[in-house]
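Student: please find the sequence and the predicted model below.
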Amino acid sequence: MKKKIPYYQKKKIYGFLFITPWLLGFLLFFVVPFVQSCLYAFQDLTTSPEGMVGEWIGSYNFSYALFRDTDFLIQCANSLKDLVTVPLILVYSICFALLLKKEYAGRTTMRAIAFLPVIIGSGVLMDIMKTDVFSSGVKGAETVYLFSGGGLTGLFTSMGLSPDMIGFINNVIGKIFDLTWRSGVQILLFLAGLHNIPSYVYEAAEIEGANALEQFFKITLPMLTPMILLNVVYSVIDIFSDFGNTIIQMIYNMAFTNVRFGYSSALSILYFMMIAVVLVIVYLVMKRFIVHPEE
Amino acid sequence: MREKKQAKRFTLGKKKMGMNNRRSKIGNGFVILLLLLLGAFMAFPLYYTLIQSLKPSEELFQFPPRLYVLRPTLEHYTELSQLMSNMWVPFSRYLFNTLFVTLAGTIFHVLFAGMAAYPLAKHKFPGRDALFAVILLGLMFVGQVTFLPSFIIIAKLNMLNTYWAYICPSIGASLGLFLIKQFIEQIPDALIEAARIDGTNEWRVYFQIVMPNIKPAILTVFIFQFVNIWNGLSKELVYEEQLKVVKVALEQVSASNAYARMGSGMAGSVLLMIPPIVVFILMQRNVVETMTFAGMKD
């Protein structure tokens, strides 16, 4: 005799079963280390033959970071400045996605190229690029020595441009690099978002006589708003958590070069609290603009 | 019934693709020109590495580096293969390790993250929003920052020096879950309800209704995760030579004598880029295909 389980209960069981495997991984490899590093933040850790020994020192690490370590707050403020690139990334990747949606010969190749930064962006190649092309990580536009030292500067000098101009041009080139190399994921997400807009909406609009521009602002853009939110969140996190970021470097070095694990944990918690605040603000502001097509 | 209707709509949508692509030839040319220009920016680093790996040593060390090569040579590649064949662990073993670890990690992640994303997006249960907030927190934390505690946990689980040290952490990655959830939310509830009324259990609802409809998302996450694992395998977790991955082996070869073997290091990094690109090209065709009939909305 099989006992009949009511449907809603079955649903609960299935839901639970579906989440469990992932949740286990998440708990073990994120939540536990996260809690652990929170605990470390309140300790003064030293290594000894028996392993790590922690001494509880209360909120000393935090107060040190906020009031005595002048470097940290300045670095935080600096990293906030990088947020300027988020709107640029968004505009660029929407445009690029629109271009990639059209059908023409070689579209697949173009899509592959647009996605290149994601494929090789974090790999071995990036290490080479960091030293050779970007010089100080993807962010350092000022010292693109491949251009400044290589052919381009010579070319510009022979064209009779002033050093200021050349510096400016190099800077712009560096920024374009930065932009293209940060937009791969966003382009792909927008592309998926664009394809999610049903074609009959456009057909209806065309019959009603809407031109391309109207179609873009009244259909495409509103329908993309959920994707835009997703992309803003992704870009913000991507920029803040880039390993080339000076603050991430600082946290990492604090742990593995200076061997101050406790202080490093405190720094990372403060830093990520800042990111969380930024994200909450972004979310609250953008929530009003999100269009839910089903309603 | 509803499903069939939806299905019909898909095929209709597929046929109609290209309807709203009326564009003048000049416009088309302009678009292609623009794309080529931006594409050049994106493709440049790839080109640069390739060029560097083909330069003979005397050109390689020129400063400032040249953007072209005068005497292209494959000497670094042959040198690399010699170095590799002299190692006591055969190169094929490293390759197998890497492919196995990367594929297993990717498949587990996509499978489990997708399964977890479905109830998060479409079921209502207490604590759902709180759980999602924690997941967002997970997105913000970079691996390097929690590396030390994670290392200790992997050690405590006796996973050090096994393939699991590489595979398991990727199961709980939150980026894939986040992306897939965002896509599942866009599937109309009516479609899922219809299937349930017809007596489909949740298992089939997920694998036969939800999953086919978010194929682009799943493939995207697959690509991400593959690339992430492939590029991110760290050398700290596994120190048994037999179990090491190609990336670490190459680093050992070229970094042990950084300047003398800079060329073979370059050659190695070119070789290392190939698998992710191949995976992308294979998957990308699918992404494009599935995207064309993703036009489902109520």
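Tutor: Sure, I can see it.
Student: can you show me the strands along chain A?
Tutor: Counting by DSSP state E, chain A forms strands over residues A:43-48, A:51-56, given from the N-terminal end onward.
Student: okay, and for the stretch 101-250 of chain B, where does confidence drop off?
Tutor: B:142-145 (pLDDT under 70).
Student: which residue is the nearest non-sequential neighbour of B:Phe151?
Tutor: Computed as C-beta to C-beta, 6 or more residues apart in numbering or on different chains, the closest residue to B:Phe151 that is not its neighbour in sequence is B:Glu236, at 6.7 Å. All C-beta spots, glycine's among them, are computed from the backbone N, C-alpha and C.
Student: the one you found in helix, strand or coil?
Tutor: The three-state label given to B:Glu236 by DSSP: H, G, I helix; E, B strand; the rest coil is coil.
Student: and B:Leu70, its phi and psi?
Tutor: The main-chain torsion angles of B:Leu70 are listed as degrees, to the nearest 10 and equal phi -80, psi -50.
Student: then stretch A:261-269 to PDB, C-alphas only?
Tutor: Taking only C-alpha atoms (Å, rounded to 0.1, in the frame of the first residue of the first chain), the coordinates of stretch A:261-269 have been written out as PDB:
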ATOM      1  CA  PHE A 261      46.000  36.600   8.700                       C
ATOM      2  CA  GLY A 262      43.700  38.200  11.300                       C
ATOM      3  CA  TYR A 263      44.200  41.700  10.000                       C
ATOM      4  CA  SER A 264      43.800  40.600   6.400                       C
ATOM      5  CA  SER A 265      40.500  38.900   7.200                       C
ATOM      6  CA  ALA A 266      39.300  42.100   8.900                       C
ATOM      7  CA  LEU A 267      40.300  44.100   5.900                       C
ATOM      8  CA  SER A 268      38.400  41.800   3.500                       C
ATOM      9  CA  ILE A 269      35.300  41.900   5.600                       C
END
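Student: tell me, how many residues neighbour the residue in chain B positioned nearest to chain A?
Tutor: Closest contact between chain B and chain A, by C-beta to the nearest C-beta, is at B:Gly172 (2.9 Å). Around B:Gly172 there are 25 other residues, counting by other C-beta atoms under 10 Å in any protein chain shown.
Student: enumerate every residue touching it.
Tutor: Taking C-beta atoms under 8 Å, 6 or more residues apart in numbering or on different chains as the definition of contact, the neighbours of B:Gly172 are A:22-30, B:138.
Student: could you check how far it is from A:Val86?
Tutor: 27 Å (C-beta to C-beta, to the nearest Å).
Student: one step back: which of the strands of chain A is buried the deepest?
Tutor: A comparison of the strands of chain A by mean neighbour count, using mean count of other C-beta atoms under 10 Å in any protein chain shown, puts strand A:43-48 on top with a mean of 14.
Student: what lines up beside that strand in the sheet?
Tutor: Next to strand A:43-48 in the sheet, as set by DSSP bridges, lie strand A:51-56 (antiparallel).
Student: one step back: which of the contacts of B:Gly172 are buried?
Tutor: Neighbour counting over the contacts of B:Gly172 (16 or more other C-beta atoms under 10 Å in any protein chain shown) leaves A:22-23, A:25-26, A:28-30, B:138 as the buried ones.
Student: got CSV for these, with distance to A:Lys102 too?
Tutor: Output for those, formatted as CSV (distance: C-beta to C-beta, whole Å):
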residue, distance to A:Lys102
A:Trp22, 37
A:Leu23, 42
A:Gly25, 40
A:Phe26, 40
A:Leu28, 45
A:Phe29, 42
A:Phe30, 40
B:Gly138, 37
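Student: so of those, which two are at opposite extremes in space?
Tutor: With distance counted by C-beta to C-beta, no two of the buried ones among the contacts of B:Gly172 lie farther apart than A:Leu28 and B:Gly138, which are 12.2 Å apart.
Student: circling back: which stretch among the strands of chain A comes nearest B:Lys156?
Tutor: Using C-beta to C-beta as the measure, strand A:51-56 is the one of these that comes nearest B:Lys156, at 11.3 Å.
Student: ok so, going back, lowest mean pLDDT across the strands of chain A, which one is that?
Tutor: Out of the strands of chain A, strand A:51-56 stands lowest, with a mean of 73 (criterion: mean pLDDT).
Student: show me what contacts the closest residue to A:Gly54 other than its chain neighbours?
Tutor: Of all residues beyond its chain neighbours, the one nearest A:Gly54 is A:Gln43 (3.7 Å), with distances taken as C-beta to C-beta, 6+ apart. Applying C-beta under 8 Å, 6+ apart to A:Gln43 gives the contacts A:54-57, A:262.
Student: now do the contacts for A:Val291.
Tutor: Taking C-beta under 8 Å, 6+ apart as the criterion, A:Val291 is in contact with A:222-223, A:225-226.
Student: same check on A:Gln75?
Tutor: A:Gln75 sits next to A:246-247, A:250 when contact means C-beta under 8 Å, 6+ apart.
Student: kindly list the longest helix within chain A.
Tutor: Selection of the longest helix in chain A by residue count, based on DSSP state H, yields helix A:261-287.
Student: for the stretch 51-200 of chain A, which segments count as helices?
Tutor: Under the criterion DSSP state H, counting those that start in this stretch, the stretch 51-200 of chain A carries helices at the ranges A:60-63, A:70-81, A:85-101, A:107-120, A:124-132, A:145-148, A:151-158, A:163-182, A:184-195, A:199-207.
Student: may I see the ones you listed organised as JSON lines, with distance to B:Gly232 added?
Tutor: Output for the helices of the stretch 51-200 of chain A, formatted as JSON lines (distance: least, C-beta to C-beta, whole Å):
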{"stretch": "helix A:60-63", "distance to B:Gly232": "28"}
{"stretch": "helix A:70-81", "distance to B:Gly232": "22"}
{"stretch": "helix A:85-101", "distance to B:Gly232": "22"}
{"stretch": "helix A:107-120", "distance to B:Gly232": "13"}
{"stretch": "helix A:124-132", "distance to B:Gly232": "11"}
{"stretch": "helix A:145-148", "distance to B:Gly232": "26"}
{"stretch": "helix A:151-158", "distance to B:Gly232": "33"}
{"stretch": "helix A:163-182", "distance to B:Gly232": "17"}
{"stretch": "helix A:184-195", "distance to B:Gly232": "15"}
{"stretch": "helix A:199-207", "distance to B:Gly232": "39"}
